[in-house]
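Q: Using only what follows, build the 3D model:
(one chain, ligands or ions: 2)
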Amino acid sequence: MIYIDQEKINNLLKDAQKAESGLLDKILNKALSLKRLSLSESAALLTTDDPEHVKRIFAAASSVKDAIYGRRVVLFAPLYISNLCANACLYCAFKSDNRLIKRKALTVSEIKAQTEWLLNRGHKRILMVCGEEAPQGQDNVDYYVNAVKAIYAAEAGKNKIKRVNVNCAPLSIGEFKKLKSSGIGTYQIFQETYHQETYLRMHPKGPKSDPDNRIDAVDRAFAAGIDDIGIGVLYGLYDYKFETLGLLSHIEHMEGKFKVGPHTISVPRIEPAEGSELSFNPPHKITDDEFKKIVAVLRLSVPYTGIIMSTRENAEMRDGLLSLGVSQVSAESSTSPGGYSTKDKDMAGGQFSLGDHRSLDQIVGTLISHDYIPSFCAACYRMERTGKAFMQLAKPGTIKGKCSMNALVTLKEYLDDFASQAVKDSGYKMIGRYLNKLDQDDQKSLKLFFAHVDSGIRDEYV
Ligand code: SAM
Ligand code: SF4
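A: Ligands and ions are numbered 1, 2, ... in the order given. Below is the predicted model of the structure:
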C-alpha cells in the first residue's frame, strides 16, 4: 500500500513490547503538554495492558480533551442517499452481491424531504453517505453535487443545514473540485484497513479493490483544494495496534506532504450487517476495553484532531468515550436511504445495525446532564477556518474559547426551537452557568447574540 510502510509498523510494535515502564511518564508528560506523539510513543501506549498504565492513559486523554476542546460536543446526523454499490466489501450490507436488501437511490426531492425531517428535529449538520454507484444514467459526482445542493436548499422555518460533510467513494482531482464547489465541509474516506493483505481479501471486486487508489484519494482531495479531510479505520478487520499505527502513519504522510493532518478521525467498529457473514463474526473483534484504549491513545497522539463517534456504539459506550477524547457524535441516525421518514415496510436496506436509538432530544439531555455543551456549530467552516488555519487555532488550544461561545449560542437556538420542556430547563441552566464563567467582554457579546436569537435571528457565530 503506497504511503504506508507495513514492515516499519511491525517493527515498531515489536520494539514497543520491549520498552521499559519508566517510559510511560515521559510519554504522558509530553502528551499533557499538547505535543503530538511519535509513532514509537503511540506504539508504547498501545502495547501496554497494565491496568494501572491504562488508567493513567485514560486520565491523560481526558485532560488533553478538556484542554483543547473544552466541554463542547458537536452533534450531527448521517444522511444515506443511496445504497447502490459496485463493490463487494465483505463486511457491508450494501455489497453488490447482497440480494437480501431492498435497493434505493433517493431523488433530489426525496433528499430534500429527508433533510427537512432532520431540520425539524433540530439538526444543523449532516454527513451525506452513499454506496459507490450512481443511479442509472447519472454520473457519480453529479449525483453527489445535486444531493449536496438539495440538502443546503432545504428549510424548516428559519433553520437550514449549516454544514454538509460527505463520505463517498474516491474521485479524481477534477471531480473533487466539482464536489468542493458544491460547498462541502469535510470529505471523509476510511481506508478500512491499513494492512495490505487484509485489504485485498476484504475488497475482492469493484473499484475499491485497489488499496492505492483509495489511500491516494486523500492526496487528490487535498490537491483539489479540500483541506478538511476525515480518515478512519474499520476496527475488527485486523489487529487494532497495527491499524492504529497505520492510521497514524497515514497522518504523518499527510502532515509531511500537505503540512496539515486530518480534520477528523473516525473509529467505526464492525456491526452486524444483513447479508454479510463476516460482520457477525469479525476476524479481529475488539473488546470494549481495547476500544476505549484506542480512542484515548488517538486523543493523546494527535491532540488537535477531532474524533467522531457514530451511533454504531451503544449509549453507555458513547457517553463514556466523551471523557476519553471524542469530540463529535451522531444522533438519531438511520443507515437506510429514506430511513428518516419512511414507514418500516417500505424501508430500503440499512448498511448495518445501530447501537444507540435515542432521539436527538434525549442525547442533548444526556450531554447536558454530564456537563457537556451540545453544539450545532459550523462557524469554523463558514469563517474559512479550515485546514492549516483551523490547526493553527486548534494546536495551542485557542479554538476552545470560540467553540464554547458558539456552542452556547447554537444550544440556545436548539432549546428555543426544538427541545422538550425537561431539556429546556436543564439547558437554560447550563447556559447560565457557563455564561458566568466568561470574562466581561465575552459575556457582553454572548448576551448580544442571545438577544438576536430572542428576536428570531438564527445562525449567529464568532
Ligand atoms: N461506500 C463508500 C465507501 O465505502 O467509502 C462510502 C461510505 S460507506 C457507506 C461508510 C463506511 O461504513 C465505510 O467506509 C465502512 O468503514 C463503514 N462500514 C461498512 N460496513 C460496516 C459495518 N458492517 N459496520 C460498521 N461500519 C461499516
Ligand atoms: Fe459499497 Fe462502501 Fe459498503 Fe463497500 S463499504 S460495499 S464501498 S457502501
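
Q: Low-confidence regions, this structure specifically.
A: Residues of the chain that meet the criterion pLDDT under 70 lie in 18-19, 342-346, 380-385, 389-402.

Q: C-terminal to the longest strand seen in the chain, what's the next element?
A: If you go by DSSP state E, the chain has its longest strand at strand 72-82. Going down the chain from strand 72-82, the next helix or strand is helix 108-121, by DSSP states H and E.

Q: Pull out the buried residues from that following helix.
A: 110, 111, 112, 113, 114, 115, 116, 117, 118, 119, 121 (16 or more other Cβ atoms under 10 Å). Where C-beta positions appear, they are placed from N, C-alpha and C, glycine not excepted.

Q: now stretch 57-67
A: For stretch 57-67, a neighbour-count test (16+ other Cβ under 10 Å) marks 57, 58, 60, 61, 62, 64, 65 as buried.

Q: what does that stretch rub up against?
A: 28, 31-32, 34, 45, 48, 292-293, 295-297, 299-300, 303, 323-327, 397, 400 (Cβ atoms under 8 Å, 6 or more residues apart in numbering).

Q: Which members of the buried residues of helix 108-121 are the farthest-apart pair?
A: Greatest spacing in the buried residues of helix 108-121, by Cβ to Cβ: 110 and 121 (17.3 Å).

Q: returning to that earlier point: could you pick out which of the buried residues of helix 108-121 are near ligand 2?
A: Among these, no residue sits close to ligand 2 (Cβ under 6 Å from any ligand atom).

Q: will you turn these into a markdown table that also has distance to residue 339?
A: Converted to a markdown table, the buried residues of helix 108-121 look like this (distance: Cβ to Cβ, whole Å):
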| residue | distance to residue 339 |
| --- | --- |
| 110 | 11 |
| 111 | 12 |
| 112 | 15 |
| 113 | 12 |
| 114 | 8 |
| 115 | 13 |
| 116 | 14 |
| 117 | 10 |
| 118 | 11 |
| 119 | 16 |
| 121 | 13 |
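
Q: Relative to residue 141, which of the residues you listed is nearest.
A: residue 111 (15.6 Å).

Q: give me every residue that touches the closest residue to the closest one other than its chain neighbours.
A: In space, and not counting its chain neighbours, residue 111 is closest to residue 150: 4.3 Å by Cβ to Cβ, 6 or more residues apart in numbering. Shown in contact with residue 150 (Cβ under 8 Å, 6+ apart): 108, 109, 111, 112, 115.

Q: Look up which helix or strand residue 150 falls in, please.
A: Residue-wise, residue 150 maps onto helix 140-153 under DSSP H and E.

Q: which residues touch the residue nearest the centre of the chain?
A: With distances taken as Cα atoms, centre = their mean, the residue of the chain nearest its centroid is residue 308 (3.2 Å). Neighbour list for residue 308: 230, 232, 264, 265, 266, 267, 326, 327, 328, 329, 330 [criterion: Cβ under 8 Å, 6+ apart].

Q: Look up how far ligand 1 lies from the closest residue to ligand 2 within the stretch 301-450 of the chain.
A: Using Cβ to the nearest ligand atom, the closest approach of the stretch 301-450 of the chain to ligand 2 is made by residue 351 at 6.4 Å. Using Cβ to the nearest ligand atom, to the nearest Å, residue 351 is found at 5 Å from ligand 1.

Q: cool, residue 229 as well?
A: 13 Å.

Q: Tell me the bridge partners for that residue.
A: Judged by DSSP bridges, the bridge partners of residue 229 are residue 187.

Q: For it, the count of nearby residues, please.
A: 22 (other Cβ atoms under 10 Å).

Q: Hmm, it is touching residue 190, no?
A: No: in this structure, residue 229 is not within contact of residue 190 by Cβ atoms under 8 Å, at 11.3 Å.

Q: So residue 290 lies in a helix, does it not?
A: Yes: secondary structure of residue 290 (DSSP: H, G, I helix; E, B strand; the rest coil): part of a helix.

Q: Surely it is in contact with residue 243?
A: No: Residue 290 is beyond contact range of residue 243, at 11.1 Å (criterion: Cβ under 8 Å).

Q: ok, these two, which is more surrounded?
A: The neighbour count for residue 290 versus residue 243, taken as other Cβ under 10 Å, is higher for residue 243 (28 against 17).

Q: can you tell me which residues contact the more buried one?
A: 193, 194, 195, 233, 235, 237.

Q: show me the contacts for residue 195.
A: Per Cβ under 8 Å, 6+ apart, neighbours of residue 195: 6, 237, 238, 239, 242, 243, 246.

Q: repeat that with 7 Å
A: 238, 242, 246 (Cβ atoms under 7 Å, 6 or more residues apart in numbering).

Q: ditto for residue 437
A: Residues in contact with residue 437 (Cβ under 7 Å, 6+ apart): none are found.

Q: how about the residues of the stretch 201-350 of the chain that lie near ligand 1?
A: The stretch 201-350 of the chain comes close to ligand 1 at residues 234, 268, 270, 271, 273, 279, 312, as judged by Cβ under 6 Å from any ligand atom.

Q: I'd assumed residue 91 was in contact with the third one.
A: Yes: using Cβ atoms under 7 Å, residue 270 is in contact with residue 91, at 5.4 Å.
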